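A.B. asks: Provided below for reference: sequence and predicted model.
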Amino acid sequence: MTAHRLWTLRTEHTSYTVRLADDGPWAELHSWGPHGVETGPSPLDWSRRTHYIVPADLAPAEYLPQGLRPFNGAELTARRPGAESGVWWTFTEAVEGDGTLRLVFDDDVIGLRVALCYETVPDTDVVLRWTELTCTGDTELCLEQLDSAAVTVPVTGGARLTYLTGQWSQEFQLTRFDLVRGGFTMGSTQSVPGHAYAPWLAVQDASDTGPGPVPTYGIALEWSGNWHISADAEPGGTVRVRAGRVPHEGVVVLAPGATLTTPRLACAYSGEGLDGLARVWHRYERRLTGPRIDRTRKVLYNSWEATGFDVEAAGQLDLAKIAAEIGAELFVVDDGWFTGRRDDTGGLGDWYPDPAAFPQGFDHFIDEVRALGLDFGLWVEPEAVSPGSRLHREHPDWVYRVDGRAARLVRNQLLLDLGREDVQDFVIATFDRLLTDHAVSYLKWDMNRPPTERGRPGTGPAGRVDLDAEHVAGYLRVLDHLRTTHPHVTVEGCAGGGARIEHATIARTDVVWPSDNTAPLDRLRTQYGFLHAHAPHVMSSWVSDAPGLFDPRPRSLAFRFVNAMSGVLGIGADLRHWTPGQRADATDWIARYKDVRDVIHRGEARLLGTPDDPSCGVQYVSGDGARVVVTALSTGRLDGAPLVPGRPDRLRLRGLPPGARYVDPATGTTYSGAHLLHSGLPFAWTADHDAELVVLVRQ
């Protein structure tokens, strides 16, 4: 056993220090915060006196099994078949590398090795954590809980939790809750992260009320299936957060010699509040994107809101011509392009262009679109199948089902068991055919129903099949194939809107679809929450004609464009009904967006105000600081300035050098950095002017 009992992992601006406990065989968090925080007594030290519980129940432990931690919640519950649950391990070794740490514990009685794994992500303030579980005995093990990690947050007055909630068409609503005593949990068992909660959590000290930025800790689980995040305000005064996947059958069987690796948990810290934490996540996601960050995210036109299932070549081409005229660069045909798809009752699974919709041939239609200067894309839902499709007739065993039980239709469709290798091979072959036989350079991958009767008859006892993990593995295998075999194709991730957005998906797609709701003020609130957790370059957003579902106040075409420009701009309106004036305005907005999209997608973003304020927006600064872009929106009444009549409202910018000078080329106005920080940019909102895009150039 090594004598080294303290390890520090350093990120760009932070330190994460772990120690071996004096009280038992486990690792504890010593400190987490800005560089140097590890020097001095740990803020998590405690008296070591316990009453009616054991020391492990109070310890700021990084990971503990039920057995060592019997009362206050454990990360791991394991047993041999027919035996009691419990793991009592001993510390074996620590292995350090360049930005990595591996702490190994063994229970020779049950036959289990547990490795706690840590890795820093270069040029970010993110520490990745996961756990490797190996069956070292000659008897299989039953894993009833297998979290990725636990984090003890150093708070003194309870925890202020910030998380993202919602439902279909109202995802990513920023929600806060003060946890002083008791527990909090959220998650999904829908085979995807879900619309109700995102696998993301921010934690602050509830007693820290300002006036400056509040130190903020964040976690995000990289998992595309069932999951949970739980936080407990424990009797000793600490707040401990646990996160991990949730096995569908409640147990995972680990065979002798086998190793199970849990999903990665990304842990981040910022001393600059929620807005600072958002920038940490943005930088991390730009790194996840890798070289594809340099790929231009083209202005998209999607035909769904204009034509629905009524897809026919002439009508689609009319839309494409107008889209090209106003400056779009990509035309995507949504649902309805394939055989048997006249409504949502048929066609899924039979991924061949409908000859009735394209009488001169599908390739002829694509050539006509491309002749307009547009790239071409398609919507697909590869995990879904319609009961009357040819695919379902030939392979009824490919859907999730339970013997002796009627199949339940959701959205008039069933779900393919993507955990099966033959189903994965079918999806891969479908993509290869579409992307090789036709000039398709964009795919929107949708998923519109969760598994309900989730079983796989004929594969042995249900409790021995890890269906959720196998579906996730199949999904990621197909995405990895797309990335390696068709690297030129842009992939958009979607699941009935924003139900499958997390780091595993973001690492393998180019953009994601936060919500099916494109109404202006509804979308603003969704995007406000989304940008706290995810980067602008992955946020696909449309300009559409949709009325508000939750906030029906009207907003201008300019508002819709500026709001959509805050991420990756798309258009989903029926352009045939737009007036010449609207089309001219759209042409101007698209041209202005193209001029600044590199700053929006690769610059440093700061959220200005909230959707509840009279004015709000997003500020983007280019990497060299030469350009500042502000998307500004009026969220108040449209009958004049929100303050004293005649006096403009102002958005104070942040993070600029006070001594710098900036000019607005559109107006010729010059501002000092100090003025922009202290007084802000002025906006004289009216009923005819409720949004603006401002570009400032540093002199």
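C.D. replies: Here it is on my side, so go on. Bear in mind that the values here come from a model prediction, so they are computed numbers and not experimental data. Numbering: from 1, shown residues only.

A.B. asks: Which residues does the helix or strand bottoming out on mean pLDDT in the chain contact?
C.D. replies: Every helix and strand of the chain was ranked by mean pLDDT, DSSP states H and E. The lowest is strand 649-651, at a mean of 93. With Cβ atoms under 8 Å, 6 or more residues apart in numbering as the test, strand 649-651 has contacts from 608-609, 614-617, 630, 632, 634, 641-643, 679-685. Backbone N, C-alpha and C define where each C-beta goes, glycine included.

A.B. asks: Just the buried subset of those, written out for PyMOL, thanks.
C.D. replies: Entered in PyMOL, the line below selects the buried ones among these, by 16 or more other Cβ atoms under 10 Å:
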select buried, resi 608+609+614+615+616+617+630+632+634+641+642+680+681+683+685
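
A.B. asks: Excluding sequence neighbours, find me the nearest residue to I293.
C.D. replies: Leaving aside its sequence neighbours, I293 sits nearest to R286 (Cβ to Cβ, 6 or more residues apart in numbering; 5.3 Å).

A.B. asks: who does the host helix or strand of G276 touch, helix- and strand-wise?
C.D. replies: Element membership for G276, per DSSP states H and E: helix 273-289. Here helix 273-289 touches strand 197-205, strand 216-221, strand 265-270, helix 503-506, helix 520-533, strand 604-608, going by 3 or more Cβ pairs under 8 Å, 6 or more residues apart in numbering; DSSP states H and E.

A.B. asks: average pLDDT for the last one?
C.D. replies: Read it as strand 604-608. Mean per-residue pLDDT for strand 604-608: 98.

A.B. asks: buried sites along that strand?
C.D. replies: For strand 604-608, burial by neighbour count (16+ other Cβ under 10 Å) applies to E604, A605, R606, L607, L608.

A.B. asks: So which elements touch it?
C.D. replies: helix 273-289, helix 520-533, strand 615-621.

A.B. asks: Now tabulate those in JSON lines and tack on mean pLDDT and distance to G346.
C.D. replies: Output for the helices and strands packed on strand 604-608, formatted as JSON lines (pLDDT from 0 to 100; distance: least, Cβ to Cβ, whole Å):
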{"stretch": "helix 273-289", "mean pLDDT": "98", "distance to G346": "37"}
{"stretch": "helix 520-533", "mean pLDDT": "98", "distance to G346": "31"}
{"stretch": "strand 615-621", "mean pLDDT": "97", "distance to G346": "42"}
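
A.B. asks: Can you say which of these is nearest to V489?
C.D. replies: Ranking those by proximity to V489 (Cβ to Cβ) places helix 273-289 first, at 14.9 Å.

A.B. asks: What angle do strand 265-270 and that closest one make with each other?
C.D. replies: 130 degrees (axes from the mean of the first three to the mean of the last three Cα atoms, to 10 degrees).

A.B. asks: Which neighbours in the sheet does the helix or strand following helix 273-289 have, and how are they oriented?
C.D. replies: Per DSSP H and E, the first helix or strand lying C-terminal to helix 273-289 is strand 300-302. Applying DSSP bridges, strand 300-302 is found paired with strand 330-333 (parallel), strand 568-571 (parallel).

A.B. asks: What's the first helix or strand after the last one?
C.D. replies: Scanning the chain past strand 568-571 towards its C-terminal end, the next helix or strand to appear is helix 580-602 (assignment: DSSP H and E).

A.B. asks: Same check on the first one?
C.D. replies: Proceeding N to C from strand 330-333, the next assigned helix or strand is helix 362-371, under DSSP H and E.

A.B. asks: Next, the angle helix 362-371 makes with whatever helix or strand comes next after that next one.
C.D. replies: The C-terminal neighbour of helix 362-371 among helices and strands, as given by DSSP H and E, is strand 375-380. Angle, strand 375-380 to helix 362-371, by the same axes, to 10 degrees: 130 degrees.

A.B. asks: rewinding a little: what about the residue nearest to I293, how many residues nearby?
C.D. replies: Using other Cβ atoms under 10 Å, the number of residues around R286 comes to 19.

A.B. asks: Please look at G276 and P213 and confirm they touch.
C.D. replies: Yes. Judged on Cβ atoms under 8 Å, G276 makes contact with P213 at a distance of 6.3 Å.

A.B. asks: give me the low-pLDDT residue ranges for this protein?
C.D. replies: Flagging of the chain using pLDDT under 70 yields the residue ranges 1-4, 236, 637-646.

A.B. asks: which residues of it fall in helices?
C.D. replies: 273-289, 304-307, 313-326, 362-371, 390-394, 421-437, 467-485, 503-506, 520-533, 557-565, 580-602, 673-678 (DSSP state H).

A.B. asks: who's in contact with T189?
C.D. replies: Neighbouring residues of T189 by Cβ under 8 Å, 6+ apart: N226, V246, H248.

A.B. asks: thought the first one was touching Y197?
C.D. replies: No. With the criterion set as Cβ under 8 Å, N226 and Y197 do not qualify as a contacting pair; they are 11.9 Å apart.

A.B. asks: Now list whatever residues contact both of the two.
C.D. replies: Counting by Cβ under 8 Å, 6+ apart, the residues touching both N226 and Y197 are G187, S188.

A.B. asks: re earlier: make JSON lines out of the strands paired with strand 300-302 and add distance to D123 and mean neighbour count.
C.D. replies: Shown next, in JSON lines, are these (distance: least, Cβ to Cβ, whole Å; neighbours: other Cβ atoms under 10 Å):
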{"stretch": "strand 330-333", "distance to D123": "31", "mean neighbour count": "25"}
{"stretch": "strand 568-571", "distance to D123": "23", "mean neighbour count": "26"}
